[in-house]
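Colleague: below are the sequence and a predicted model; questions follow.
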Amino acid sequence: DTEVTQTPKHLVMGMTNKKSLKCEQHMGHRAMYWYKQKAKKPPELMFVYSYEKLSINESVPSRFSPECPNSSLLNLHLHALQPEDSALYLCASSLRGGTVNTEAFFGQGTRLTVV
Amino acid sequence: AQSVTQPDIHITVSEGASLELRCNYSYGATPYLFWYVQSPGQGLQLLLKYFSGDTLVQGIKGFEAEFKRSQSSFNLRKPSVHWSDAAEYFCAVGDISGTYKYIFGTGTRLKVLA
């Protein structure tokens, strides 16, 4: 199993809603990532979890709250988002934390629209 | 921090023609380099990677890349492009300057003419 699974695939939410994005992998990877990607742009790193601990937060607004309940699961909790937060949210994982000498595997993404 | 540059925003080739996508990185030592492909609305798929050793790397879907230290380049090539290769291609570098994250270039959008 070399898959990173993201749910839901599409999400439309109002600015006052609370929702969560879910990411799961069963490859035994110990680093997990959240990226945000706007149209025609490269992925922008948001958060990195290494061995279930938050190791990088790229100054992301607090309306985005990551959570790593266990080594296979990564959540992104969303609250009071703005329309400009509409984007493709990508989850990725890699074998070991604290290193980049291994490739990252990406999920198919969640297309988020904030109305 | 390390960075990666993809000079070409768009490239158009005819089906069956050869392809070369350019990527330049900034780092003194040998970097960890990757090429990913993304179809519209999809996630990123790894085409190939380079960490060390043989400077010509073979990947999936018939792609290869050559690491040239003297030019700080890691260009992606394919001898004969298929219509299904139309996609966005991202070069990435593994940043080991303390943050241990993947940094992506701005991408090259490939269009394939029938």
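Modeller: Nice, thanks for sending it over.

Colleague: what's next to the helix or strand of chain A with the lowest mean pLDDT, contact-wise?
Modeller: Ranked by mean pLDDT, DSSP states H and E, the helix or strand of chain A with the weakest confidence is strand A:53-57, at a mean of 93. By CB atoms under 8 Å, 6 or more residues apart in numbering or on different chains, the surrounding residues in contact with strand A:53-57 are A:Leu45, A:Met46, A:Phe47, A:Val48, A:Tyr49, A:Pro66, A:Cys68, A:Gly97, A:Gly98, B:Thr99, B:Tyr100, B:Lys101. C-beta here means a position set from N, CA and C on the backbone, and glycine is covered the same way.

Colleague: any idea whether A:Leu90 is helix, strand or coil?
Modeller: strand (DSSP: H, G, I helix; E, B strand; the rest coil).

Colleague: for it, give me its contacts.
Modeller: A:Leu90 sits next to A:Gln6, A:Trp34, A:Tyr35, A:Lys36, A:Gln37, A:Pro43, A:Phe106, A:Gly107, A:Gly109, B:Gly43, B:Leu44 when contact means CB under 8 Å, 6+ apart.

Colleague: once you drop chain neighbours, what's closest to it?
Modeller: A:Tyr35 (4.3 Å; CB to CB, 6 or more residues apart in numbering or on different chains).

Colleague: surely B:Glu88 touches B:Val37?
Modeller: Yes. Here B:Glu88 reaches B:Val37: they are 7.2 Å apart, a contact under CB atoms under 8 Å.

Colleague: element containing residue 111?
Modeller: All of this is about chain A. Using DSSP states H and E, A:Arg111 sits in strand A:110-114.

Colleague: right idea, wrong chain: chain B
Modeller: strand B:108-113.

Colleague: so what touches that strand?
Modeller: Identification of contacts with strand B:108-113 by CB under 8 Å, 6+ apart yields A:40, B:6, B:8-15, B:19, B:21-22, B:81-83, B:85-89.

Colleague: centre-most residue in chain A?
Modeller: Closest to where the C-alpha atoms of chain A average out (CA atoms, centre = their mean) is A:Trp34, at 2.8 Å.

Colleague: shouldn't it be in contact with A:His77?
Modeller: No. Assessed by CB under 8 Å, A:Trp34 is found out of contact with A:His77, at 11.0 Å.

Colleague: anything in contact with each of those two?
Modeller: Joint contacts of A:Trp34 and A:His77 (CB under 8 Å, 6+ apart) are A:Pro66.
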